[in-house]
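Engineer: Build me a structure from this.
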Amino acid sequence: DGLLTNYETLDLLRERTAEPGCAPTYPQPHDPFPTEMQCYDALRRSCAGEQDRTNVAKFIEAIEPIALMPAEVLQVINIKPRSAAVVHAVVERCASRLSADEVEDLIALVEQFL
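Structural biologist: Residues are numbered from 1 along each chain as shown. Alright, predicted model coming up:
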């Protein structure tokens, strides 16, 4: 869909900033811009800094039975909701689309994988 999670953005910026262990997959025409460095620093301090590609992929697979739109999946990955109130804020018409059990399952999967 062309949407990137904060983790995926951080992963790209790790290549741009030449973080140890992250070799660029394409030629780097110039040093990172200051805005790239600011974004990199902010994302490293966010929950994206603790995520890894394997667990994000496992999370996406695990939540397939829960009827979320792609943008909602993206927001759940970026925000890591730990309460039903936050899930209800992220998922449009949550009360009518998801059962209480599905909301709790979603929170448990966030805790498990993200």
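
Engineer: Quick check: what element follows the lowest-mean-pLDDT helix or strand in the chain along the chain?
Structural biologist: Here the helix or strand of the chain ranked lowest by mean pLDDT, DSSP states H and E is helix 6-16, holding a mean of 89. Counting by DSSP states H and E, the next helix or strand C-terminal to helix 6-16 is helix 34-45.

Engineer: Identify the residues contacting that following helix?
Structural biologist: With CB atoms under 8 Å, 6 or more residues apart in numbering as the test, helix 34-45 has contacts from N6, T9, L10, L13, R14, R16, T17, P32, G49. For glycine as for every other residue, the C-beta is placed from the backbone atoms N, C-alpha and C.

Engineer: how does it look with 7 Å?
Structural biologist: Contacts with helix 34-45, where a contact means CB atoms under 7 Å, 6 or more residues apart in numbering, come from N6, T9, L10, L13, R16, T17, G49.

Engineer: Neighbour count for the residues you listed - can I get that in JSON lines?
Structural biologist: Compiled in JSON lines, those are given as follows (neighbours: other CB atoms under 10 Å):
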{"residue": "N6", "neighbour count": "19"}
{"residue": "T9", "neighbour count": "15"}
{"residue": "L10", "neighbour count": "21"}
{"residue": "L13", "neighbour count": "20"}
{"residue": "R16", "neighbour count": "19"}
{"residue": "T17", "neighbour count": "19"}
{"residue": "G49", "neighbour count": "14"}
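
Engineer: so where's this protein uncertain?
Structural biologist: 1, 21, 23-24, 26-27 (pLDDT under 70).

Engineer: quick check: longest helix of it.
Structural biologist: helix 100-113 (DSSP state H).

Engineer: Check which residues of that helix are buried.
Structural biologist: By neighbour count with 16 or more other CB atoms under 10 Å, helix 100-113 contains the buried residues E102, V103, D105, L106, I107, L109, V110, F113.
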